[in-house]
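Engineer: sharing a sequence plus its predicted fold:
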Amino acid sequence: MITVERHGPTAVITLDRPEARNALTGAMIVALGDALADCDSDPQVRVAILTGRDPAFCAGLDLNDLARTYDDVTNARPDRGTKRRGLLPDSTTPVIGAVNGPAVTGGLELALGCDFLIASPRASFADTHARVGVMPGGGMTIRLPQLIGINRARQMSLTGNFVDAATACEWGLVNEVVPHEGLMARVLELAAAVGEAEPATIRELRSMYDSLGNRSDDEAYLEEARWSRRWMTERFDAAAFLAGKDRIIERGSSQQ
């Protein structure tokens, strides 16, 4: 139900239950956490991609036995000492979501746990918690308003209406919409770009975003400056920077 393929330093994790539109069972949630924990423990893996087997990204929790599935999900074991943030464990590996089809309710919460999202035109997004009489427990009321604003988040949750890929991009829920056939190629390209940086630097930068990304107070700016000074004093590798400076300049020129 969860498959993992390697593309060099990138692990592609696929929700692989297409006959049920990749609806999540408790076992799948545990397996997904295990897959990300394996990525964290493998020094050869620098980036993970999360996607679904066509035709859907994820239809949410398995409604055939919602009570049991919900219980399984909320009690999914943190047996590797990993805390959970919504439906995804807190992973040191960056996770890019490749949203190839509908991401509904729990499926939307799963997508919201990724670092950022790239979508196919076939993608759509909906929160139907209210329609099935369940309260969000996977980060919906935290992450969704962070990305699209509180009023749009309320609209999605209170109406249960679907938002198409173009609107999701306009609202800031996804970063790009690319042709369906080219979705994985584009996400692999972005994963490769992320993987070019040193993993320790990426981990630190993600931690800064986690701690400071939703703040705008004066203390947040001071904390960022203190964080930067600590890194430059304790971790910055001047020799590595000088060795790679020309490559950075060349890469920037090629992207103009």
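Structural biologist: That came in fine, so what should we check first?

Engineer: where does pLDDT dip in the stretch 101-250 of the chain?
Structural biologist: Confidence mapping of the stretch 101-250 of the chain against pLDDT under 70 gives the ranges 244-250.

Engineer: just the strands from it, written as ranges.
Structural biologist: 102-104, 116-119, 124-126, 163-164, 176-177 (DSSP state E, counting those that start in this stretch).

Engineer: the residue nearest to residue 136 when sequence neighbours are not counted - how many residues pack around it?
Structural biologist: Distances taken as C-beta to C-beta, 6 or more residues apart in numbering put residue 129 closest to residue 136, at 5.2 Å, once the chain neighbours are dropped. Yep, even glycine has a C-beta here, placed from its N, CA and C like the rest. When counting by other C-beta atoms under 10 Å, one arrives at 22 neighbours for residue 129.

Engineer: swap in residue 237?
Structural biologist: Neighbours of residue 237 (other C-beta under 10 Å): 12.

Engineer: nearest to residue 187, out of the strands of the stretch 101-250 of the chain?
Structural biologist: strand 116-119 (5.1 Å; C-beta to C-beta).

Engineer: just name whatever secondary elements that closest one is in contact with.
Structural biologist: Here strand 116-119 touches strand 95-99, helix 165-171, strand 176-177, helix 183-195, going by 3 or more C-beta pairs under 8 Å, 6 or more residues apart in numbering; DSSP states H and E.

Engineer: can you do 6 Å?
Structural biologist: The contact analysis (3 or more C-beta pairs under 6 Å, 6 or more residues apart in numbering; DSSP states H and E) places strand 116-119 against strand 95-99.

Engineer: okay, residue 52: pLDDT?
Structural biologist: We have a pLDDT of 98 for residue 52.

Engineer: what about it, distance to residue 29?
Structural biologist: The gap separating residue 52 from residue 29 is 14 Å, by C-beta to C-beta, to the nearest Å.
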